[in-house]
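S.K.: please work out how this folds:
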Amino acid sequence: MARIDIKSDREFFREIYKKVEAGKYGIPSFQRDFVWTSSKIVDFFDSIWKGYPIGAVILWKPDSDLPTKDILTDERQDNTPPEYYVLDGRQRLTSFYGCVQNKRKRDRKFDLYFNLDTEQFSFKNKAGILGLKVADVYDTFELLMRLQEIIRHFGNDAEKTKKYIEKANKLNAVLQGYTVSEIFIEDCSLDEAEEVFARINSKGTDITKDYKLQALTYKRGNRLVTELISDIKQSLAVYHFETIKSDYIIACFYKFIGKNFYDAKVEDLAQFDLEKNFSSIAQCIQRSIEFLHNDCLVLSEKILPYKNQLIALTWYFFSHKEGIEQHDQNVLRKWFFYTTYNKLFNNGSLSNIRPIFNHFQNYIDGKAAEPLYYSVVEIDNRIDFRFRLSDVHTDFVILATINRRKKLEPDANLSYKGSVKLGSELVTHHIICLTESDRHQIEAVMMRGEYLDKEKLQLLALTPEMIAAYRNGQIKLFQELRQQYILEMERELLELNNIQLQ
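M.R.: Numbering: from 1, shown residues only. Okay, here's the model as predicted:
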């Protein structure tokens, strides 16, 4: 059980900063990267200036060394292990450290200024000589030089000179004398530290699975888990899947240790040599996404209906490293579109997804003729929902649109480019863009009244009747025509994949 020791005395923030600089306090690799915006940093320094509390810095001593990263750049470090790791307060420490230090090269995003006239912080100096860089104010020698410039500038106005010098000295004293509480957590595991981290984090941010796995599997000299996952993501860029969350990639790892992701924990992967098996894992995930992209026309991670579909396909390609036959391609496509249209993964509870995955595994093992128990599908004639990429029905409309476009233009190089919204949030009023020129053509014909022949309109999932209705202000008629067109595309996609319809 964790023993939490709260120091009775407050610590100067400058001393914490020095300990970070000296390597006594380190940023563990499982901490999220520095994400504070300039406005957050300004608010933070404004709180210090006004003497507001900014929260405690929570430090943790684990039972083994963990990888660390640079406090400013987030780059990996292999230095001597620190005495304590920063469990909470990293964003504040980085902001303070970045803005007050002048000793090493840093990103210009930390060039914070204080306006001696308005007493406000900003990242643009619009006050001229009255705008002092915070790093110069913090450094006593640099501050003296700035004060001499102010004295020369306002030499004939003793009252102003005194006022500005007092403000500059006050800021120096505030930065040098500001104190915070340090809370030390010792003799606890990563799990216990993770629980503490989740509870104290003001945004409810948990330690992500990739950083937790990285901490559990770290060996000095080996590549970091986050680096391996980053390589996988980069390899998926050609399919526009590079933005997929790391947690879903990790969910695919469990099959390599003979476990199901919904029954296992990150700790179960700790003894698995990810670096040694990296090539096999990456190939398996890439083949699954290649199938989704090329065979199911999921042209971007943004329009993948369910991440569980990717995980299941990874199971298949884990067991079929030798290749995939045309029959199996057809079977997998049917499974993909059936599970999408019927929203089978909408309920993510174990009681719901376990039987779906179990049946899929039985198909992989040759114990079932089909990967799912299929029933006759009833077409949903309601196309009055909002266009949202997080909505599976929206994804299916996009996939149906892509399928129709591919049928009309088999050799076209398509990719999902978003949509043009025609006023309403309804899916009928969003025209899907699949090439670089689509957006321009849609805006030209719908908003500028330009002419486009029937064949080109078809490529955009539009008809002359829709154009006429929209231009004449017959929005309800336009919606009805678009709804009928979308339903036809959906039916076509389902029938193409041998899904029985009512």
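S.K.: quick check: mean pLDDT across the lengthiest helix in the chain?
M.R.: Secondary structure of the chain per DSSP state H: the longest helix is helix 475-496. Averaging pLDDT along helix 475-496 gives 96.
S.K.: check what pLDDT the residue lying farthest from the centre of the chain gets.
M.R.: Centroid-distance maximum for the chain: Asn156 at 55.8 Å, with Cα atoms, centre = their mean. For Asn156, the model assigns a pLDDT of 77.
S.K.: is it true that it lies in a strand?
M.R.: No - applying DSSP: H, G, I helix; E, B strand; the rest coil, one finds Asn156 to be coil, outside a strand.
S.K.: in the stretch 51-200 of the chain, which spans are strands?
M.R.: Secondary structure of the stretch 51-200 of the chain (DSSP state E, counting those that start in this stretch): strands at 57-61, 68-69, 76-77, 84-88, 113-115, 120-122, 131-133, 179-180, 182-186.
S.K.: can you list these in TSV and add distance to Phe44, mean pLDDT and mean neighbour count?
M.R.: From N, CA and C alone the C-beta is placed, and that goes for glycine too. Shown next, in TSV, are the strands of the stretch 51-200 of the chain (distance: least, Cβ to Cβ, whole Å; pLDDT from 0 to 100; neighbours: other Cβ atoms under 10 Å):
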stretch	distance to Phe44	mean pLDDT	mean neighbour count
strand 57-61	13	83	22
strand 68-69	21	84	22
strand 76-77	24	80	16
strand 84-88	15	85	23
strand 113-115	13	94	21
strand 120-122	9	93	17
strand 131-133	16	92	21
strand 179-180	12	85	16
strand 182-186	18	79	19
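S.K.: and of these, who's closest to Ser351?
M.R.: strand 84-88 (35.1 Å; Cβ to Cβ).
S.K.: list the strands paired with the closest one, with their directions.
M.R.: With DSSP bridges as the test, strand 84-88 is paired with strand 25-28 (parallel), strand 57-61 (antiparallel).
S.K.: just to revisit the earlier point, now for the longest helix of the chain, which elements pack on it?
M.R.: helix 326-341, helix 392-408, helix 464-471 (3 or more Cβ pairs under 8 Å, 6 or more residues apart in numbering; DSSP states H and E).
S.K.: what are the contacting residues of the first one?
M.R.: Put plainly, it is helix 326-341. The list of residues contacting helix 326-341 from outside it, by Cβ atoms under 8 Å, 6 or more residues apart in numbering, reads 291-292, 295-296, 305-306, 309, 313, 316, 320, 324, 344-345, 356, 360, 363, 370-372, 374, 377, 392, 395-396, 399, 490, 493-494, 497-499.
S.K.: same question for the second one.
M.R.: Helix 392-408 is contacted by residues 296-299, 303-306, 337, 340-341, 343, 346, 380, 383, 385-389, 412, 414, 416, 427, 432, 434, 458-459, 461, 486, 489-490, 492-493, 496 when judged by Cβ under 8 Å, 6+ apart.
S.K.: quick one on the thing from earlier: who wins for proximity to Glu450 among the strands paired with strand 84-88?
M.R.: Per Cβ to Cβ, nearest to Glu450 of the strands paired with strand 84-88: strand 25-28, 55.5 Å.
S.K.: coming back round to it: can you put the strands paired with strand 84-88 in TSV and add distance to Thr243?
M.R.: Shown next, in TSV, are the strands paired with strand 84-88 (distance: least, Cβ to Cβ, whole Å):
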stretch	distance to Thr243
strand 25-28	25
strand 57-61	31
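S.K.: Tyr17: which of those strands is closest?
M.R.: For the strands paired with strand 84-88, proximity to Tyr17 was assessed by Cβ to Cβ; strand 25-28 is nearest, at 9.2 Å.
S.K.: coming back round to it: and the residue farthest from the centre of the chain, how far from Leu147?
M.R.: 16 Å (Cβ to Cβ, to the nearest Å).
S.K.: cool, Ile165 as well?
M.R.: 6 Å.
S.K.: what distance separates the start and the end of stretch 259-271?
M.R.: Taking Cα to Cα, to the nearest Å, stretch 259-271 runs 13 Å from one end to the other.
S.K.: what about Phe154, how many residues nearby?
M.R.: Residues within reach of Phe154, counting by other Cβ atoms under 10 Å, total 18.
S.K.: same question but for Lys160, I mixed them up
M.R.: Look at Lys160: counted by other Cβ under 10 Å, it has 16 neighbours.
S.K.: and the contacts of helix 392-408, which are buried?
M.R.: Neighbour counting by 16 or more other Cβ atoms under 10 Å classes 296-299, 303-306, 337, 340-341, 383, 387, 416, 427, 432, 434, 458-459, 461, 486, 489-490, 493 among the contacts of helix 392-408 as buried.
S.K.: strands - which of those residues land there?
M.R.: Judged by DSSP state E, strands contain the following of the buried ones among the contacts of helix 392-408: Ile432.
S.K.: out of the strands of the stretch 51-200 of the chain, nearest to Ser230?
M.R.: strand 76-77 (11.5 Å).
S.K.: so what touches the closest one?
M.R.: The contact list for strand 76-77 (Cβ under 8 Å, 6+ apart) reads Gly26, Ser29, Pro67, Thr68, Lys69, Asp70, Leu224, Glu227.
S.K.: centre of the chain to it, how far?
M.R.: A distance of 22 Å separates the centroid of the chain from that of strand 76-77, by Cα atoms, centre = their mean, to the nearest Å.
S.K.: could you shift the numbering so residue one becomes 42, and keep it that way?
M.R.: Will do, 42 is the new start, and the previous item becomes strand 117-118.
S.K.: partners of it in the sheet?
M.R.: Assessed with DSSP bridges, strand 117-118 is paired to strand 109-110 (antiparallel).
S.K.: phi, psi for the residue most central in space within the chain please.
M.R.: Nearest to the geometric centre of the chain sits Lys286, at 6.2 Å (Cα atoms, centre = their mean). When read as degrees, to the nearest 10, the backbone of Lys286 gives phi -70, psi 140.
S.K.: show me the contacts for it.
M.R.: So Lys286 contacts Lys348 (Cβ under 8 Å, 6+ apart).
S.K.: how about 10 Å then?
M.R.: By Cβ atoms under 10 Å, 6 or more residues apart in numbering, the contact list for Lys286 reads Thr249, Lys250, Asp251, Ile270, Lys274, Ala292, Glu342, Lys348.
S.K.: how about Thr109?
M.R.: Contact partners of Thr109, counting by Cβ under 10 Å, 6+ apart, are 64, 66-70, 72, 117-123, 126-127, 259.
S.K.: kindly report the same for Tyr179.
M.R.: Arg55, Tyr58, Phe137, Cys140, Val141, Gln142, Asn143, Leu212, Asn213, Leu216, Gln217.
S.K.: may I see the buried residues of the one helix or strand the first one maps to?
M.R.: Translated: Arg55. Arg55 is part of helix 54-63 when elements are defined by DSSP states H and E. Buried residues in helix 54-63, counted by 16+ other Cβ under 10 Å: Phe54, Arg55, Ile57, Tyr58, Lys60, Val61.
S.K.: confidence score at the residue lying closest to the fourth one once chain neighbours are set aside?
M.R.: What sits nearest to Tyr58 in space, not counting adjacent residues and going by Cβ to Cβ, 6 or more residues apart in numbering, is Tyr138, at 5.3 Å. Reported pLDDT at Tyr138 in the predicted model: 89.
S.K.: near Tyr138, how many other residues are there?
M.R.: Tyr138: 19 neighbours (other Cβ under 10 Å).
S.K.: would you confirm that it contacts Glu62?
M.R.: Yes - Tyr138 lies in contact with Glu62 (Cβ atoms under 10 Å); the separation is 7.3 Å.
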